[in-house]
Structures are given as structure tokens and as C-alpha cells.
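1. make a model of this:
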Amino acid sequence: LCVGVAGCDRMNATVTGTVRLDGEPLKIGPKQNGTVLFRPVAGGATATGLIDANGNYSVSTGGTAALRSGDYLVAVRATELVAPPEDSPTPNTPEGRPLTPLLYANPLESGLSCTIGSGENTFNIDLDSSAGPLVEEIETDDVELDLPETDSADEPDDSAGEENDADPAEEAAPATTATE
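-> Numbering: from 1, shown residues only. Got it, this is the predicted structure:
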């Protein structure tokens, strides 16, 4: 416990490691970007680091190549820059195609955590490509479409502009009553 101890609140730890996807180093190439994020459980400054061409990273907090010792939730996100579709509203802005499952991008949901001690620390991060989708899936089960009912999909609707003379009471199914 560090209550009132001089120097206890210092940035006294460094973290390096390798990010692996399905057992292989997550090699970040040209037009790709990979980031590791360390969020302190107790609150405070988040530490981040870039993943290099060999899957290695080192984190820093702001301009300091260190972080406080303690417990951290970890997130990883890697993307590849791709040209946007021709019909994009921003055709000159590249888009990111995810290389890692979306689950790992959120430190609160990734399942990745570690305890960092003072001094040098190595934390290798193993990701599984089958851990979830690369992008957020939209649930369509709860979507209700309010479409008009038609008798036949092949017949055009000729009722536009015409009055309907049918009595709705006559078209309804006959009511049934319970007998004792």
C-alpha cells in the first residue's frame, strides 16, 4: 500500500511485449496501424504504444516512456488503411479495415489485464481471431418493418385514388362466443 510514502506515485515502470494473433506476431506493415492501450484500474493516465513490424510494442504515458505500477485493463486494435468506396461522402479520406476482433478494442470487454510492478515489465498479448467479429454486427432480429399487406406481390396496387366501398365489418372474421 502506497499511502503517504514518498515517491510512490511516480512513473516507475516500463512495459514492453509482443502482440500475437493466433500464435503469430501481429506484424504491422505499411498502411497499417496497431495500438496497445493500458488503462489503470485505479484510475489515472492511460498508457499507449504502437505495434511495430515485428509485433512488438512499448507503452508510454503522455511524453513519458513509463507508467505507474499497478493493475491495468488492456486493449489492442489493429487496422489497415483502405481506399474508401467511390460513392463515399469523403472519397479522399482512407477508411480503416480491422485486423483484430472488435472485442479486443475495449479495455472493459477485452478480457486482457495485467499487474505491472516497478522496473521493467514484459507483457506478451495473445489474441484469438475467432474471439469475435472484426466489426460491430447489427442485430436485425428486433427490427420490425411496417409494410402494407398485399394479396400478391406480382399484382400492382390499383386502388390508388379509388374509394373502397367494402364494409370493414363484413370483411372481418365472424366472432365466436363461448358456450357453457
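
2. CA atoms of the longest strand anywhere in the chain as CSV?
-> Longest strand in the chain, counting residues (DSSP state E): strand 70-82. C-alpha atoms of strand 70-82 as CSV (Å, rounded to 0.1, in the frame of the first residue of the first chain):
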residue,chain,number,x,y,z
GLY,A,70,-0.5,-1.3,-10.6
ASP,A,71,-3.3,-3.2,-12.2
TYR,A,72,-4.3,-2.5,-15.8
LEU,A,73,-7.0,-3.4,-18.2
VAL,A,74,-5.5,-3.8,-21.7
ALA,A,75,-6.9,-3.2,-25.2
VAL,A,76,-5.5,-3.9,-28.7
ARG,A,77,-6.7,-2.6,-32.0
ALA,A,78,-5.0,-3.0,-35.4
THR,A,79,-6.4,-1.7,-38.7
GLU,A,80,-5.4,-1.4,-42.3
LEU,A,81,-6.0,1.8,-44.3
VAL,A,82,-8.0,1.1,-47.4
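
3. can you give the strand pairings for the next helix or strand after that strand, parallel or anti for each?
-> The C-terminal neighbour of strand 70-82 among helices and strands, as given by DSSP states H and E, is strand 95-98. Partners of strand 95-98 in the sheet, by DSSP bridges, are strand 70-82 (antiparallel).

4. list the buried residues in the partner strand.
-> 70, 72, 73, 74, 75, 76, 77, 78, 79, 80 (16 or more other Cβ atoms under 10 Å). All C-beta spots, glycine's among them, are computed from the backbone N, C-alpha and C.

5. would you reformat those as TSV and include pLDDT?
-> Converted to TSV, the buried residues of strand 70-82 look like this (pLDDT from 0 to 100):
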residue	pLDDT
70	96
72	98
73	98
74	98
75	98
76	97
77	95
78	95
79	93
80	91
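
6. and which of these is nearest residue 53?
-> Closest to residue 53 out of the buried residues of strand 70-82 is residue 78 (12.1 Å), distances taken as Cβ to Cβ.

7. surely that closest one touches residue 34?
-> Yes: under the criterion of Cβ atoms under 8 Å, residue 78 is in contact with residue 34, at a separation of 3.8 Å.

8. common neighbours of these two, please.
-> 19, 26, 28, 51, 99, 100 (Cβ atoms under 8 Å, 6 or more residues apart in numbering).

9. ok, residues contacting whichever strand or helix holds the first one?
-> Put plainly, it is residue 19. Using DSSP H and E, residue 19 maps to strand 13-21. With contacts defined as Cβ under 8 Å, 6+ apart, strand 13-21 is touched by 25-26, 34, 36, 38, 47, 49, 51, 54-59, 65-69, 76, 78, 99-100, 116-129.
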